[in-house]
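K.L.:
fold the following and give me the result.
(2 chains)
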Amino acid sequence: MNWQLMWDSLPRMLGGLSLTLQLIVGSLSLGALVAFAVALLRLSGNRLVEGLAAAYVFVFRGTPLLVQIFLVYYGLGQFEFIRDSILWPFLREPYWCAILALTLNTGAYTSEVLRGAILSVPQGQVEAARACGMSRALAFRRIVLPVAIRQMLPAYGNEVILMVKATSLASTITLMEVTGIARRMIAQTFAVFELFIVAGIIYLALNFIATRLIKFAEWRLTPYLRARA
Amino acid sequence: MLELLSFGPNGWGGQLLLGTAMTIAVAVSAFAFGIVVGSLGASAKLSHGVALNVLADVYTTIVRGIPELLVIYLLFFGGSGVATSIAQAFGYDGRVDLNAFTIGVLAVGLISGAYSTEVIRGAVQSVPFGQIEAARACGMGRWLILRRVLVPQTLRFALPGLGNVWQLTLKDTALVSVTALAELMRVTHLAAGATREPFLFYSAAAVLYLLLTTVSTALFARAEQSANRGVRRA
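P.N.:
Residues are numbered from 1 along each chain as shown, chains lettered A, B, ... in the order given. The predicted structure follows:
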């Protein structure tokens, strides 16, 4: 075990951390918006809209993320009308392609988590809110959504961990995040285990922090479950 | 344009099918290897030895906490070296080169095994302890209990979870394409590059993967049904 090499590789690896973090935060926050919209569409009651939303979820959950990334990065640029559109300055960058693919992927998974959580809110609570004179929208905003978000947090935590790991696939479309840098350094030095350990520790630390954050959010959102001081 | 997907001399249809077959081969082998690893992992987690418990915990935490791609790179770049030193420990003095298929199965199998470990551990724990006691009281030995009471019920409880693990495993095989093994993703990549029709070919790959996941979901549903045929429904 070459400790010196591990120590020396750390600053270079951490150089990719900023990109990894951008991919995580970017795709998770955009993915949450997509998930919210898709979950609402799937519960809209309109057959056609529900079918389209379900098809989106089916396709993105049923195919590997790598296919989705390549489809966005290599596939979209093939079309003239996309190259001529105002989106091209974004879609020609691997960075935005990675964000787009990761967003659509996590959006599909998270929408299912959110949909399940919304459906799990007891009907009686909605009825009570309606009886108090709240409109449907107000009841959704004040009653259903807060309860659902509390309910979905554990499952969402798993999704966050999957996304932290999924950002590593951005290295396949030339982005030099932590995995990309690790791969390049392994090819240069052949110190496979040392560099694997350093990169692995970085990801484990990220996932540790992510799970703590979710646990903290759960704690904040369930004050009634805490023992009174 | 669609003739590119045909089976003729100018079509990539045959190649894509061969790639799909390779994907299935890697996924099935890795899943089976993962179940073996998972059973060992689960028994280590449930054993009373502290060292075994810690070892199994470290394994599942690390493998589930780091990207799959890193595990594949680890075996791709380091697998042959380890295999060589193991062979040398047994007195063989040559170089052992693992082929891409073996590397893929080992890597995806180790990832699959970490998830299987948790599924199998949960399933074993949901077999009521009274049944083990009853079997013991009937005079069954350890192995007989394992074979007649524990394993059949564990299988039934584990099936839904293993179905999820299978889906993960199937999708993780796409990452093995970085080792240049000619599975579906790799063939698609080559076809897309050669024909300059990336959208067509990646869409075709997506459809093939969807087909695989849909068919296997149906198969697992059937398996669950037949495993639960003796259970009374509420």
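K.L.:
output the below-cut-off pLDDT ranges for chain A.
P.N.:
When residues are selected by pLDDT under 70, those of chain A lie in A:228-229.
K.L.:
OK, contacts around the residue nearest to the spatial centre of it?
P.N.:
Centroid-nearest residue in chain A: A:L28, 3.7 Å away (criterion: CA atoms, centre = their mean). Counting by CB atoms under 8 Å, 6 or more residues apart in numbering or on different chains, A:L28 makes contact with A:106, A:160, A:163. Bear in mind the C-beta positions are built from the backbone N, C-alpha and C, glycine included.
K.L.:
may I see the buried residues of the helix or strand containing it?
P.N.:
Here A:L28, judged by DSSP states H and E, is contained in helix A:17-42. Neighbour counts using 16 or more other CB atoms under 10 Å in any protein chain shown place A:19-20, A:22-24, A:26-28, A:30-32, A:34-35, A:38-42 of helix A:17-42 among the buried residues.
K.L.:
show me the contacts for the residue nearest to B:V176 when sequence neighbours are not counted.
P.N.:
Counting by CB to CB, 6 or more residues apart in numbering or on different chains, B:G104 is the residue found nearest to B:V176 once chain neighbours are left out, at 3.8 Å. By CB under 8 Å, 6+ apart, the contact list for B:G104 reads B:26, B:30, B:72, B:173, B:176, B:179, B:181, B:183.
K.L.:
where's the third one, which helix or strand?
P.N.:
In other words, B:I72. Using DSSP H and E, the element containing B:I72 is helix B:68-89.
K.L.:
same check on the second one?
P.N.:
With secondary structure defined by DSSP H and E, B:A30 is part of helix B:13-46.
K.L.:
count the residues that sit near the closest residue to B:V124 other than its chain neighbours.
P.N.:
Once flanking residues are discounted, B:V124 sits nearest to B:T154: 5.2 Å by CB to CB, 6+ apart. Using other CB atoms under 10 Å in any protein chain shown, B:T154 has 22 neighbouring residues.
K.L.:
and A:P11, by the same measure?
P.N.:
8.
K.L.:
residues contacting it?
P.N.:
Contacts of A:P11 by CB under 8 Å, 6+ apart: none found.
K.L.:
and stretch B:3-15, what's buried?
P.N.:
B:4-5, B:12, B:15.
K.L.:
before we move on, back to that, the residue nearest to B:V124 and B:R64, how far apart?
P.N.:
21 Å (CB to CB, to the nearest Å).
K.L.:
do A:A137 as well
P.N.:
40 Å.
K.L.:
of those two, who's got more company?
P.N.:
Per other CB under 10 Å, whichever of A:A137 and B:R64 has more neighbours is B:R64, with 19 against 8.
K.L.:
I figured that one hits B:S116, correct?
P.N.:
No: B:R64 is beyond contact range of B:S116, at 11.2 Å (criterion: CB atoms under 8 Å).
K.L.:
what parts of chain B come near chain A?
P.N.:
B:61-62, B:64-70, B:73-74, B:77-78, B:81, B:171-175, B:177-178, B:185, B:188-189, B:192, B:196-199, B:202-203, B:205-206, B:209-210, B:213-214 (CB under 8 Å from any CB of the partner chain).
K.L.:
just the ones of the residues you listed in helices?
P.N.:
Using DSSP state H, B:61-62, B:64-65, B:68-70, B:73-74, B:77-78, B:81, B:171-172, B:185, B:188-189, B:192, B:198-199, B:202-203, B:205-206, B:209-210, B:213-214 are the members of these that sit in helices.
K.L.:
would you write a ChimeraX line that selects the buried entries of those?
P.N.:
Buried members of those, defined by 16+ other CB under 10 Å, are picked up in ChimeraX with:
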select /B:62,64,65,68,69,70,73,74,77,78,171,172,185,188,189,192,198,199,202,203,205,206,209,210,213
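K.L.:
helices or strands up against the host helix or strand of B:R156?
P.N.:
Mapping B:R156 onto the secondary structure by DSSP H and E places it in helix B:151-172. Here helix B:151-172 touches helix B:13-46, helix B:100-125, helix B:198-227, going by 3 or more CB pairs under 8 Å, 6 or more residues apart in numbering or on different chains; DSSP states H and E.
K.L.:
redo those as a markdown table? Include distance to B:I132.
P.N.:
Below are these laid out as a markdown table (distance: least, CB to CB, whole Å):
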| stretch | distance to B:I132 |
| --- | --- |
| helix B:13-46 | 12 |
| helix B:100-125 | 10 |
| helix B:198-227 | 20 |
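K.L.:
deepest-packed of these, please.
P.N.:
Most buried of those, by mean neighbour count (mean count of other CB atoms under 10 Å in any protein chain shown): helix B:100-125, with a mean of 23.
K.L.:
burial of residue 177, as a residue count?
P.N.:
You didn't pick a chain, so chain A it is. So A:E177, with other CB under 10 Å, has 25 neighbours.
K.L.:
hm, I was asking about chain B
P.N.:
26.
K.L.:
do B:L144 as well
P.N.:
12.
K.L.:
go on, B:L170?
P.N.:
Count around B:L170 with other CB under 10 Å applied: 24.
K.L.:
no further questions, thank you.
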